[in-house]
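Enquirer: the following block contains a protein sequence and its predicted model.
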Amino acid sequence: MNHAQLRAFHAVAENKGFSAAARNLGLTQPALTLQVQALEQNYNTKLFTRRGRKTHMTAPGKMLLNLSRRIFSLEKEAHTLLSSLETLKIGHLKIAAPSSIHALQAAAAFQEKYPEITIGFTTGPYKKIDEEILDYRADIAFFDTPPVNNQYYYQKIYDEPLKVAISHRHPWSGRESVSISELQDQRTIISINETTNGQKRDHWSHHVKYNKDDLVIVENREISREAVANNMGVSYFTPTEVSGDNRILLLELEEQSLRMEIFGICLAERRDSQIISKFFEVSSDLRAVKIDA
């Protein structure tokens, strides 16, 4: 297979059009079109169709894109490895997580040790994050349960006790603890991901009791934290997640102990990538400090 033809195809697919792809590759549009047409002719298949001014991928084109993403991701890793050798002095790390709170702490620790590496960060629901990793658009993901997909490698990064979070204006603000039965009468704030993970027995939200008719479901834990601070209800947070926010008080949960676990995840086949392996090394140090604390 001709490498230039594959790169031309990949650029058109990722840029969703020939004009933008030609600009990114520094080619004229006719030259780029000839590269893609040659690839199609070599394999007697159609990779794109045009409808008006829009370019659409065919089914074979979509399958080839999945492979080309892997090929060029590995090519980029090879370049990074050979360029940096002993120390990481070039490269990019893309992180995807449902919440920025713990993930940004790990990213900051990594950036402090390897300041030459640029970092990209995105948040979203678990389904989107899963797609980001599987499609090679993200290098590292953060989940709060270990993955069941054997395509993944994972490592526990955080393990902290969860407490009941209330506003400093809440009637319980003078207390140090609260019982499970009392919480059932409170409006509870919980993220979409936690309502899904509550079905898993190994996730903390499976063991939380709340009134389903008096539930505030929000997009992520950042919004949940702000909702608690504004006295819209109660929720569950670790000391790290509300550190420095004097609007929120944490109470011990009587009769039960809950813990928040956060796992760093990557594709198993990319575990030995230099940047990814160094990220997990830094994360291991971070977890050791957290546990010792």
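Expert: Happy to help now that I have it. If you're wondering where the values come from, they're calculated on a predicted model, not measured in any experiment. Residues are numbered from 1 along each chain as shown.
Enquirer: and the next element down the chain from the longest strand along the chain?
Expert: Within the chain, and with DSSP state E defining each element, the longest strand by residue count is strand 152-167. Under the assignment DSSP states H and E, the closest C-terminal helix or strand after strand 152-167 is strand 177-178.
Enquirer: the helix or strand following that following strand: which residues count as buried?
Expert: Using DSSP H and E, the helix or strand that follows strand 177-178 in sequence is helix 180-183. Applying a neighbour-count criterion of 16 or more other CB atoms under 10 Å, the buried positions in helix 180-183 are Leu183. To be clear about C-beta, it is placed using only N, CA and C from the backbone, and glycine gets the same treatment.
Enquirer: need the contact partners of the helix or strand following helix 180-183.
Expert: Taking DSSP H and E as the definition, the helix or strand that follows helix 180-183 towards the C-terminus is strand 188-191. Among residues not part of strand 188-191, those counted as contacts by CB atoms under 8 Å, 6 or more residues apart in numbering are 98-99, 205, 208, 210-211, 214-221, 223-224, 227-228, 232-235.
Enquirer: what of stretch 96-107?
Expert: Around stretch 96-107, the neighbours that count as contacts under CB under 8 Å, 6+ apart are 93, 95, 119, 121-126, 128-129, 132-133, 137-138, 140-144, 157-158, 191, 193, 220-222, 225, 240-241, 262, 264, 279, 282-283, 286.
Enquirer: out of the residues you listed, name the ones that lie in strands.
Expert: 93, 95, 119, 121-123, 140-143, 157-158, 191, 262, 264.
Enquirer: circling back: show me which of the contacts of stretch 96-107 are buried.
Expert: Those of the contacts of stretch 96-107 that meet the buried threshold are 93, 95, 119, 122-124, 126, 129, 132-133, 138, 140-144, 157-158, 191, 193, 220-221, 225, 241, 262, 264, 279, 282-283, 286, by 16+ other CB under 10 Å.
Enquirer: and the longest helix for this protein?
Expert: helix 59-84 (DSSP state H).
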